[in-house]
Structure formats: structure tokens, C-alpha cells
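>>> The amino acid sequence is not available; the structure is as follows:
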């Protein structure tokens, strides 16, 4: 570099050259693409020093507001549609017949209580009673028994247990297993649409862009069974006003479910989760790598 | 979205559409380009959920190690050449005859002590004595008197005052003003090459990429005078082994200076800073905006 003048064009090649000796081919590939796109972005918009400085402040504030109960970087990725894109690519790999995936989001917690089929997971949380039931099956149609369903949702006040001191620990979270016919069922309260946490830098960004922070009402699921690809998804309740403008691009037409009124006044949702075989996906990824 | 199926291609248009109502045209422009490049990057490398998750962890760790004395996001931007690119674009705008700019870096501090011309700013720091002198002038050649030079550097042990308990507050930092002929001079100790802080996520990234963390020896300057564009730059000492592979892409051929041996055994550097008139730059930027 002492001998060669750098310009706002040649700097990119100079950085890429510095990645030439990376011992990790995949990291090298990812970083080459990241550097190229990051530089092209800065050139495209002619990013100024002042704007760059605002971006540094933004990332710093996101880092400082992030703790074990708040994840501003996931929220940033979600609101920019990056999380949805990664999900959509993964789903494409898993095969078109499987249930579509949807965002994990920042509120998943490990080790939710294990409950029996039919259990009420609402712990007396005020709200409209709702029964959720269905089956877990393979893309070929066979029942998958003993599949693990890890379930979580916000209360009707729009808050998850970790955001809300009025909810007891692990409220509206459960793990349950499908029965011999692949069936599952649990009782809960009907979730409502809610804003993502918007008191931090991401909220400021959304306001700057004239965007609302709301997610349509939904219930999260991670469904897994040996030999099948793990499905991270969510069910979205039909009629919600934010279905078409989910702030984090998580809702999908195939995951929108009707809430039916039962004769006893309670409401119910029916949905079958379809899992893709893990081997098939692994094969497809291996083929892609060989192609690329 | 409830009516339209999203794919890993159409998701980008869906996000861009959501920016349509931004009340801030510049923020809209920047975010449209950022989202487009971020998505194209993820598609190019077929980013997996696991890799996405590692990126979230990386940013979180960068946020948590950042405080008032450590700025991991600036370090990340520096090591990816983004800071240098923004600098190079800004310099191009300032005009080719002005002194090239170089990185601000994460160690600048406001309110360094004001000193007289010729002062020793080393406060007894062990090292080889060095005198730095020169002039501040305009691109047309005229002396700029009363220009403010804000100077800072690492000690010969490779550490800045904020990183090193053995240095007193504001060590090797000063503000001084050019005299009536535009001349300036101060005494210090010769800096050495040093590694950027590499005990955090950026250090881990550099190791993963097989890159060293060193910067060539340098002295930072911010030179300013009314009516001129503020110049943020640094002088790099000739002969340094890291001049060609500066970990943060800051060194420039035009900023490499010889350290000359004086008859009394001390060493000296001579350099003239050339400032661009602010009006000219403003004009050029206005023209660019009109063109673009």
C-alpha cells in the first residue's frame, strides 16, 4: 500500500486481497461477499462520514440495549427482512411440501415446562379461551408420533412473560408430544397483535421510515422428530389487521389459521404440521454445494 | 402478505415497498440500498440459519465489549475497509490537491491540552525523541495562520493513554496553532507499530481470516481553520513493516514520511498539511447531488 495509491474503487480489491490467506474457505466466501456488498452500498449512496458515524452510534446503542431478555440485533435483522430471507431459503431447501417456516424471534426460551396433551398452558392469564389442535405428519402423509412441539406466545396484553412482571415465569410456554396417531392439543388464551419493542434504536429507525412496529397475533412452534428437519414456525390468526404488514415479515398465507367458535363459546384452531425428512434436505444441500 | 406468497426473491421487494412512505428521503435512499445489498449478500452466499445466528452473536459481543474506551464497531468498520472507503470518497470531494485524509480511529478524545509551539507532549514517556514540524497551507499555496492542529498518538509500547494505566491522562495528545507563517512544531516520542485491540470479536474474525492485527507506526492529526474543510489524517513513518498491510487500510503513500536523524541525535519529521476550501467542496457536493 505504501507504493500504490488507494481510491474509493480500488479499496475493495485491496480488502479482498487481504482475505486470500483465510484458512476457512466458507468464512472467506462469506466475508468476500459481505465486503463487496458493503462497499458497493457505501458507494451507491455516497455514504458521508457523518452518516457513518450515526451508523456506529446506532449499532452501539443496539449492543447496549441487548441483554438476556432483549435482542436488538435480531429485531434489526427481523425488521429489515433478513431473518425472513434466511428462513425462506431454508424452507426452499426443506422441500415445498413441508409446512413453511417462520421467524424464531427474540423471545424463545429453552426448557419450557413439559405438559400432557390437552393441558392448559395459560396459568389463569386473562383472555379468550382457545384450543389448539392438529397432527404432526411427514410430507408423505404418515403420522409422526412422539414429535416434540415447543410452543410459546405473548399474552393478550401483547407481552411475553420475560417482558411482563405480572406473568409468572415460563407463562404461555410448553413442550408437548404428539400421540400414537400424531395428534396434539393444548388449551391457551387467544393472542393479540402487539408492537415489537420500539423504545430502542430499531424503534427509532422504524419511526424514521414511517413504519408501524406491529406484528399480527400468532403462536410460535418448534416441531421436531428424529429423522426430520426441525421446523421453526408460527400460526397467524386470520382477520388480524397486521397480517399484510407484519413489521418483521414473518406472516405467510400458508400459516394463517381460522379461529373457529365452538358450541361452548370457546374458540379453536386446527392445524397439521408437515415435516420434511432430514436426509433429503442434507442431500439437496450437498448437491447445491457441488453445483456451486 | 396474507394474500401473496413470499419467496427468497420476492422478500426484497416486499421490504422495499414498506419503505415507500418514509418521511425522510435520504434515510429512505440509504435504507433501500442497504436492504437490497444485505439481501443480495445473503442470497449470494446462501446464508444458513446457523451462520445468521453466529452473526447475531458476533454483533452482540461487539456491542457488549464497546464502552467509552473501546469501540468494537469502529474497529469492525476499519478492518473491513468501510471506514477507509468513506474517507476516500470524502477526500475525492475535497479535491485532489489537498492532503489525503486517513482514519479517525477509535482513540480520538476531545479537549486535549492546548500547548505552545515547540512544546514536548510526551510527559517523559520513555522512547526515542522526535520533533514534528511543518506548515499548514491552502491548495493555492498560501500560509494558513492560526490553524488548529489536534494531535494524538500511541506510546512506543503501542498503547494509547486510555488503554494504559502507566500513562497519565491525555498523554501524547495536544492541540496547537500554526504561527503567522503557517508553521507548527512539537516534540514527542517516536511511535511504533501496534496491534489493534484483538481480544474481542473483531480479533477473532481477523484470526479466522488469517489476518494480522497490526497498524504501521503513525501520528494522528485533525487540522482545521475557518473557511477550510476539516482534515482528519495521520502521518505514517517510512520503513515500517506494516505500511503495505495496515490492518485497517489507513496508510496512504502520500502520508508516509521520513524520520530524519538530526545532528544532536534526535529525529525529525517535516510535513506540510494542505487544506481544501470549504466552499469549493460544498459546491462540488451540490453539483454531484444534482447530477445523481
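Now that the structure is in, tell me what you want to look at. Here the structure is a predicted model, which is why all the values come from computation and not from measurement. Residues are numbered from 1 along each chain as shown, chains lettered A, B, ... in the order given.

>>> Just give the nearest non-adjacent residue to residue A:97, would you?
residue A:139 (4.1 Å; C-beta to C-beta, 6 or more residues apart in numbering or on different chains). From N, CA and C alone the C-beta is placed, and that goes for glycine too.

>>> ok, now residue A:187?
That would be residue A:120: by C-beta to C-beta, 6+ apart, it lies 4.2 Å from residue A:187.

>>> For the stretch 1-150 of chain A, which residue gets nearest to chain B?
Chain B sits closest to residue A:63 of the stretch 1-150 of chain A, with a gap of 1.3 Å, by C-beta to the nearest C-beta.

>>> give me every residue that touches residue A:18.
B:209, B:211, B:245 (C-beta atoms under 8 Å, 6 or more residues apart in numbering or on different chains).

>>> What about the last one, how many residues nearby?
What it means is residue B:245. Number of residues near residue B:245 (other C-beta atoms under 10 Å in any protein chain shown) recorded here: 18.

>>> Report the separation between it and residue B:85.
Noted for residue B:245: a distance of 17 Å to residue B:85, by C-beta to C-beta, to the nearest Å.

>>> what mean pLDDT would you report for the one helix or strand residue A:88 maps to?
Secondary structure from DSSP states H and E places residue A:88 in helix A:82-94. Averaging pLDDT along helix A:82-94 gives 87.

>>> Equivalent analysis for stretch A:58-71, please.
Across stretch A:58-71, the average pLDDT comes to 94.

>>> All the helices of chain A, residue numbers only.
Under the criterion DSSP state H, helices of chain A are mapped to A:10-17, A:25-44, A:49-65, A:72-79, A:82-94, A:201-208, A:278-291.

>>> Which residues belonging to the first one are considered buried?
Buried residues in helix A:10-17, counted by 16 or more other C-beta atoms under 10 Å in any protein chain shown: A:11-12, A:14-16.

>>> Could you save the residues you listed as JSON lines and add columns showing pLDDT?
Converted to JSON lines, the buried residues of helix A:10-17 look like this (pLDDT from 0 to 100):
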{"residue": "A:11", "pLDDT": "97"}
{"residue": "A:12", "pLDDT": "98"}
{"residue": "A:14", "pLDDT": "96"}
{"residue": "A:15", "pLDDT": "97"}
{"residue": "A:16", "pLDDT": "97"}
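
>>> Can you sort out which of the residues you listed also neighbour chain B?
Among the buried residues of helix A:10-17, the ones lying close to chain B by the criterion of C-beta under 8 Å from any C-beta of the partner chain are A:11-12, A:14-15.

>>> picking that back up, next, count neighbours for the residue of the stretch 1-150 of chain A closest to chain B.
21.

>>> Equivalent analysis for residue A:204, please.
13.

>>> do residue A:229 as well
22.

>>> Same question for the one 5 residues further on.
As a burial measure, residue A:234 scores 23 neighbours (other C-beta under 10 Å).

>>> pretty sure it is touching residue A:101, no?
No: the criterion here is C-beta atoms under 8 Å, and residue A:234 misses it with residue A:101 at 9.0 Å.

>>> what domains does the record give for chain A?
Domain ranges of chain A: A:10-72, A:83-284, per automatic domain parsing.

>>> So which of those domains is nearest residue B:69?
domain A:10-72 (12.9 Å; C-beta to C-beta).

>>> which residues touch the residue nearest to the spatial centre of chain A?
For chain A, the residue sitting closest to the mean C-alpha position, by C-alpha atoms, centre = their mean, is residue A:103 at 1.5 Å. When contacts are counted by C-beta under 8 Å, 6+ apart, residue A:103 touches A:78, A:83-84, A:87, A:232, A:234, A:248, A:250.
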